[in-house]
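Engineer: coordinates only, sequence not included:
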């Protein structure tokens, strides 16, 4: 009596990937995991017109899809991100659902030309900081206090970003313990400080903060809402 072969549908594999495959990618941020899942689901919706099961996936399942994305006129950076998501998914299928490893070769990661960063002009960043620090008119004292706290928070965030160039994910991950601010002086400029960030690969780095960033952080921390959370912002 022959054994019954249980075939895995792409929908089942995708559900497994969402539950287990992405959950194990602890170094990826929640936004990255969400984007990966969306990109893979879009491929699965496109592929559903031709195939249903994992064992029906071939090299052509991805070469044709990448051509489809190109003909739609998607930016190179967008196609690169989608290809990266699909490579993660295919590796998962190879490891857990017996997909042919040669399929991975079909997913091309496009080389993206590096763009030289364009620094803000002095007038631009001063205008940005000025606008961030504005307190909108409020009659109620409590509302005005909240607006002032928010304005100080905005200025502190911008000063840190302008000073260090850290990613938004690194900014939102900052805790109070990551900030090293010098003792407050009674007069004169504040001294320099530093902050500690954990980079994408898990490496720690200490970045310098000048006196303006230190002053902005101090001003915000004085009005920061009291909470058990250790997040800086």
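Structural biologist: Thanks, I have the structure now. All values reported here derive from a predicted model rather than from experimental measurement. Residues are numbered from 1 along each chain as shown.

Engineer: Report the rounded mean pLDDT for the helix ranked longest in the chain.
Structural biologist: The helix that spans the most residues within the chain, counting by DSSP state H, is helix 141-164. The pLDDT scores in helix 141-164 average 86.

Engineer: Tell me which residues are up against it.
Structural biologist: 120, 125, 128-129, 132-136, 138, 166, 171, 174, 195, 197, 207-210, 212-213, 216-217, 219-220, 223-225, 233 (CB atoms under 8 Å, 6 or more residues apart in numbering). In short, each C-beta sits where N, CA and C put it, glycine included.

Engineer: burial of residue 32, as a residue count?
Structural biologist: Using other CB atoms under 10 Å, residue 32 has 18 neighbouring residues.

Engineer: Give the buried residues for the helix or strand bottoming out on mean pLDDT in the chain.
Structural biologist: Ranking every helix and strand in the chain by mean pLDDT, DSSP states H and E puts helix 122-132 at the bottom, with a mean of 81. For helix 122-132, burial by neighbour count (16 or more other CB atoms under 10 Å) applies to 129, 132.

Engineer: Got the domain ranges for the chain?
Structural biologist: Annotated domains of the chain cover 10-106, 122-223 [automatic domain parsing].

Engineer: Where does the prediction get shaky in this protein?
Structural biologist: 1-4, 26-27, 112-117, 136-139, 186-190, 201, 227-229 (pLDDT under 70).

Engineer: distance between stretch 57-76 and the chain's centre?
Structural biologist: In terms of CA atoms, centre = their mean, to the nearest Å, the centre of stretch 57-76 is set 24 Å apart from its chain centre.
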